[in-house]
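Visitor: What follows is a predicted protein model with its sequence.
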Amino acid sequence: MSTLANEQYSSSSELPLVAVVRIALAPALCVTALALCMFACGEPLTPRYLVLMVTVSLVAIQIFGELPLGEDRARASAMRSAHAIVTNWILVVGVLLLLAFATKLSGLYSRKVVLSWFVFTPLALHAGRAAARRLLARYLTVAGMPRSRIIAGANDVGRELARRIGTDTYLGAIQGFFDDRCDARLAGLRPGQRLGRLGDLVDYVKRYAVDVVYVTLPISRDPRIKDVLRGLRDTTASLYFVPSALPEELIQTHIELIGGIPVIAVCETPFRGLNAAVKRCADLLLAVVSALLIWPLLLAIAVGVKLSSSGPVLFRQRRYGLDGRQIVVYKFRSMTVCEDGERVTQARQGDARVTRFGAFLRRTSLDELPQLFNVLQGTMSIVGPRPHAVAHNEQYRKLIDGYMLRHKVRPGITGWAQINGYRGETADIEMMKKRVEYDLDYLKHWSLALDLWIILRTALVVLHDRRAY
C-alpha cells in the first residue's frame with residue numbers, strides 16, 4: 001500500500017515555490033476540474049458550488065497530501081503514480097458521497113456536472129501534475145538549480161541521504177562528501193565523491209558558496225566536529241544534523257520544540273494534534289451513519305443469537321485498548337462459552353464451542369458489529385490494530401519484540417493486517433509476528449486515505465476470505 005502511505009515529499013530546504021505546489025496542486029486541480037465541468041454543462045457558479053469547492057479542497061489536502069512531482073523514469077513508477085492518483089480520487093469521492101448522504105445535500109447539485117467531474121478529475125490530476133513538473137523544471141532553469149549541498153560523513157546514513165536527495169529533481173544531487181577516512185576505506189563511494197577531509201569543509205563552503213551542509217557524524221566532543229561547526233558560523237550555509245544512530249523501529253518520527261529545546265520523536269502515535277481530531281470525527285461520522293443504516297440488521301442478529309442457543313446476546317471481553325489500558329469489547333455471542341479469564345483459547349476451524357448461527361456470524365464478521373458502540377464510546381476506532389484478549393496480550397508481549405507498540409492507537413474493528421491475510425486465528429507465533437508487523441506499518445504510514453482504503457478492502461475480504469471461523 002505504498003501509494004497511500006503518508007510519505008512526506010517536501011523538504012524544509014527546498015525552494016518555497018516547489019513546496020507550495022506540492023501541497024496546493026491536488027486541491028487546485030480538483031477545483032479547476034469542477035469549474036470546467038460546470039462551464040461545459042452550462043451550470044452557473046452559485047454559493048452551493050463554492051461550498052463544494054471548499055469541501056473538496058479540504059478533503060483533497062488530507063487524502064492526497066503533498067503530491068509527488070519527481071519524474072517517473074521507470075514504467076512501473078509511472079504506473080504506481082497513476083494508480084495512486086486514481087485510488088486517492090476514489091477515496092475523495094467516497095468521502096464526498098458520505099458527507100452528501102449524511103447532510104442530505106446531494107439533490108442540490110447537477111448530476112450531469114457531478115458525474116462528469118468524477119470521471120474527468122483523474123485525467124486533470126495526471127495532466128496537471130505533468131504540466132506542473134515541466135513548468136517547475138523550466139522555472140528552476142531560469143532561477144537557478146536547487147541549492148548546493150554537501151555531507152560531512154560518508155557513512156551509511158550519509159550515503160543513503162545522498163541517494164534519496166538525488167531521486168528528487170527539485171532538491172538536486174549532493175556535490176560530495178567530506179570524511180577523514182581515505183578513499184580505500186570508503187566503500188560505496190564513486191571516484192571523486194569524496195571532496196576532502198573534515199578540515200577542508202569550511203574552506204570549500206566559502207569558496208563554492210555551498211548552501212546546505214548535512215552532518216551525519218555522531219555529535220560528540222570530537223574537536224574536529226567542533227571546529228567544523230565553529231567555522232560554519234562564518235558562512236551563510238544552512239546546517240542540518242542527521243542522527244547517525246536511531247532505533248530500528250521508527251514510528252511517526254518528527255522534531256518538536258520543548259521550551260526552545262529540539263527533541264526528536266522516534267516512536268509516537270500518528271494521532272496527535274489535527275490528526276487526532278480528523279480521526280475521531282471520521283470515526284464518529286462512520287459509526288453513527290452505520291448504526292442508523294443497519295439497526296434492523298442488529299436487531300435481527302440479536303434475535304437470532306437468542307433463539308440459537310442459551311446465553312446472553314452480547315459477549316463482553318476485556319482487551320487492551322489505547323496506551324495498554326483495559327477496555328471491554330462487545331461482540332455478538334457466537335459460542336456456547338464466554339471466556340474472559342487468564343486463559344483464553346482462540347477459535348479454531350470446526351471448534352465445537354461455536355454455534356451454527358455463530359459460525360455464520362464469524363464467517364461474515366457480523367459478530368463484530370456491536371463494536372460500533374465501542375467506537376461511539378471512544379474505546380475503539382473503525383480502523384486500527386485488532387484488539388486481543390488480555391490473556392493473549394500477556395502471552396505475546398513476552399514473545400514478540402515491539403508487540404505493545406500496537407497499543408499506541410485505539411484498536412479497530414478492522415485493520416491493515418486483516419485485509420492482508422492475517423484475519424482470524426493465528427495458529428503459530430510467526431503468524432502473530434506478521435500481524436504485529438502490519439499493525440506497526442499502519443502506525444508508521446497512517447493517513448485518512450489509508451483508513452478509507454482499508455474499509456473498502458474489508459468488504460471484499462469478508463466476502464472471499466475464509467480465515468475467520
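Guide: Now that the structure is in, tell me what you want to look at. Numbering: from 1, shown residues only.

Visitor: Just the strands from the stretch 101-250 of the chain, written as ranges.
Guide: In the stretch 101-250 of the chain, the strands defined using DSSP state E, counting those that start in this stretch lie at 149-152, 177-178, 194-196, 212-215, 238-241.

Visitor: and of those, who's closest to residue 401?
Guide: The closest of the strands of the stretch 101-250 of the chain to residue 401 is strand 238-241. By CB to CB, the value is 28.2 Å. No exception for glycine: its C-beta is placed from N, CA and C like everyone else's.

Visitor: strand partners of that closest one, parallel vs antiparallel please.
Guide: As defined by DSSP bridges, the strand partners of strand 238-241 come to strand 212-215 (parallel).

Visitor: just to revisit the earlier point, want to throw the strands of the stretch 101-250 of the chain into a markdown table with mean neighbour count?
Guide: As requested, the strands of the stretch 101-250 of the chain are arranged in a markdown table below (neighbours: other CB atoms under 10 Å):
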| stretch | mean neighbour count |
| --- | --- |
| strand 149-152 | 24 |
| strand 177-178 | 24 |
| strand 194-196 | 16 |
| strand 212-215 | 22 |
| strand 238-241 | 15 |
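
Visitor: Going by mean pLDDT, which of these comes out lowest?
Guide: Of all the strands of the stretch 101-250 of the chain, the minimum mean pLDDT falls on strand 238-241 (a mean of 86).

Visitor: how far does it sit from the chain's center?
Guide: 27 Å (CA atoms, centre = their mean, to the nearest Å).

Visitor: In CSV, list the C-alpha atoms belonging to the helix or strand that that strand is followed by.
Guide: For strand 238-241, the following helix or strand on the C-terminal side (DSSP states H and E) is strand 254-258. The C-alpha trace of strand 254-258 is given here as CSV (Å, rounded to 0.1, in the frame of the first residue of the first chain):
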residue,chain,number,x,y,z
HIS,A,254,9.3,14.2,13.9
ILE,A,255,11.0,17.1,15.7
GLU,A,256,9.4,19.2,18.5
LEU,A,257,10.5,22.1,20.5
ILE,A,258,10.1,22.0,24.3
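
Visitor: just checking, what packs against strand 254-258?
Guide: Judged by 3 or more CB pairs under 8 Å, 6 or more residues apart in numbering; DSSP states H and E, the packing partners of strand 254-258 are strand 261-265.

Visitor: Direction included, what does the strand it packs on pair up with?
Guide: Sheet pairing of strand 261-265 (DSSP bridges) gives strand 254-258 (antiparallel).

Visitor: that older thread, what's the closest of the strands of the stretch 101-250 of the chain to residue 166?
Guide: strand 149-152 (10.1 Å).

Visitor: Next, format the strands of the stretch 101-250 of the chain as a markdown table and append distance to residue 79.
Guide: Below are the strands of the stretch 101-250 of the chain laid out as a markdown table (distance: least, CB to CB, whole Å):
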| stretch | distance to residue 79 |
| --- | --- |
| strand 149-152 | 31 |
| strand 177-178 | 34 |
| strand 194-196 | 37 |
| strand 212-215 | 32 |
| strand 238-241 | 34 |
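
Visitor: For residue 266, which of those is the nearest?
Guide: Among the strands of the stretch 101-250 of the chain, the nearest to residue 266 by CB to CB is strand 238-241 (14.5 Å).

Visitor: average pLDDT across the biggest helix by length in the chain?
Guide: The single longest helix within the chain, with elements called by DSSP state H, is helix 274-308. Here helix 274-308 scores 90 as its mean pLDDT.

Visitor: Name the next helix or strand downstream of that helix, please.
Guide: Proceeding N to C from helix 274-308, the next assigned helix or strand is strand 314-320, under DSSP H and E.

Visitor: orientation of that following strand relative to helix 274-308 in degrees?
Guide: Relative orientation of strand 314-320 and helix 274-308, computed by axes from the mean of the first three to the mean of the last three CA atoms, to 10 degrees: 140 degrees.

Visitor: nearest to residue 403, of the strands of the stretch 101-250 of the chain?
Guide: Checking the strands of the stretch 101-250 of the chain against residue 403 by CB to CB gives strand 238-241 as the closest, at 31.9 Å.

Visitor: ok, which stretches of the stretch 351-469 of the chain are strands?
Guide: For the stretch 351-469 of the chain, the strands defined by DSSP E, counting those that start in this stretch cover 381-383, 412-414.
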